[in-house]
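Participant: 3D, please:
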Amino acid sequence: MQNHSRPLHQACVLTSALLFSMLCCLTTVAADKPPTLMKSELGATRNVHSFGKTLLCGQPTAAEFAEARKRGIKTVITLREKTEIDWNEAAALRKLNMRFYQLGFRAPDSLTPEIIEKTVSIMGDPKSTPVMLHCASANRVGALWLAHRVLNDKIDIEKAREEAKAVGLRTPEYEQRVLEYIKQKKSRQ
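Facilitator: Got it, this is the predicted structure:
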């Protein structure tokens, strides 16, 4: 009887090994799949999108920053000027032990190469990620998302523009300034 059970045992072991091997391959493929831009939620925050753990949105409250911290956000970049909000966002983020950068601009000509460069640098720094990038409505966020995706993630400009508009980009002048910056940056490389 033992002679008959041995081939059956070997077949079971082989089948188990094959299934385990396939499962490992499928898990690796799923883990290597790049993130995609998705509509998301963060309390009452307007126009929230996620890209992996990155959050792109309008203005959060202190409680919503705490929720973002629970989701793993390490760094917050606001594209709002200090005069645009009536509470101390920096202090709220310090209490949450989160990095904070205020790179505010409003008028298209106030979107400087320095603001674009600093945002792209922070968003590309593994020590700073995951990042939350916010403004009032995500219009300015969309512009800087365009720069980040082209310069850091090396995606096609047209795909990056589509994403930027999905995030909230509505001001053609912001888009133009970012595209000029990208063109200059690429010409120096």
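Participant: Helix or strand, whichever it is, which one in this structure has the lowest mean pLDDT?
Facilitator: The helix or strand of the chain with the poorest confidence is helix 2-32; it has a mean of 49 (mean pLDDT, DSSP states H and E).
Participant: domains of this structure?
Facilitator: Domain ranges of the chain: 1-33, 35-188, per automatic domain parsing.
Participant: can you give me the end-to-end distance of the longest one?
Facilitator: End-to-end distance of domain 35-188 (Cα to Cα, to the nearest Å): 29 Å.
Participant: quick one: the residue nearest the centre of the chain from Lys185, how far?
Facilitator: With distances taken as Cα atoms, centre = their mean, Thr54 lies nearest the centre of the chain, 3.0 Å away. Distance, Thr54 to Lys185, using Cβ to Cβ, to the nearest Å: 21 Å. (C-beta placed from N, C-alpha, C; glycine too.)
Participant: again, but for Ser40
Facilitator: Distance of Ser40 to Lys185, given as Cβ to Cβ: 29 Å.
Participant: cool, Ala68 as well?
Facilitator: Ala68 sits 29 Å away from Lys185, taking Cβ to Cβ as the criterion.
Participant: Same question for Asp109.
Facilitator: Distance from Asp109 to Lys185, by Cβ to Cβ: 19 Å.
Participant: More neighbours: which of the two?
Facilitator: A direct count of neighbours by other Cβ atoms under 10 Å for Asp109 and Lys185 places Lys185 higher, at 16 against 9.
Participant: Helix or strand for that one, just tell me which one.
Facilitator: helix 172-188 (DSSP states H and E).
Participant: What of Gly142?
Facilitator: helix 139-151.
Participant: and what of Ser50?
Facilitator: strand 49-51.
Participant: Partner strands of that strand and their direction?
Facilitator: strand 37-39 (antiparallel), strand 54-57 (antiparallel) (DSSP bridges).
Participant: Run the chain-centre distance for the longest one.
Facilitator: Strand 54-57 sits 6 Å away from the centroid of its parent chain (Cα atoms, centre = their mean, to the nearest Å).
Participant: Next secondary structure after that strand?
Facilitator: helix 62-70.
Participant: Give me the distance from that next one to the chain's centre.
Facilitator: The answer for helix 62-70 is 16 Å, by Cα atoms, centre = their mean.
Participant: Going by neighbour count, list what's buried in it.
Facilitator: Neighbour-count burial for helix 62-70 flags Glu64, Phe65, Ala66, Glu67, Ala68, Arg69 (criterion: 16 or more other Cβ atoms under 10 Å).
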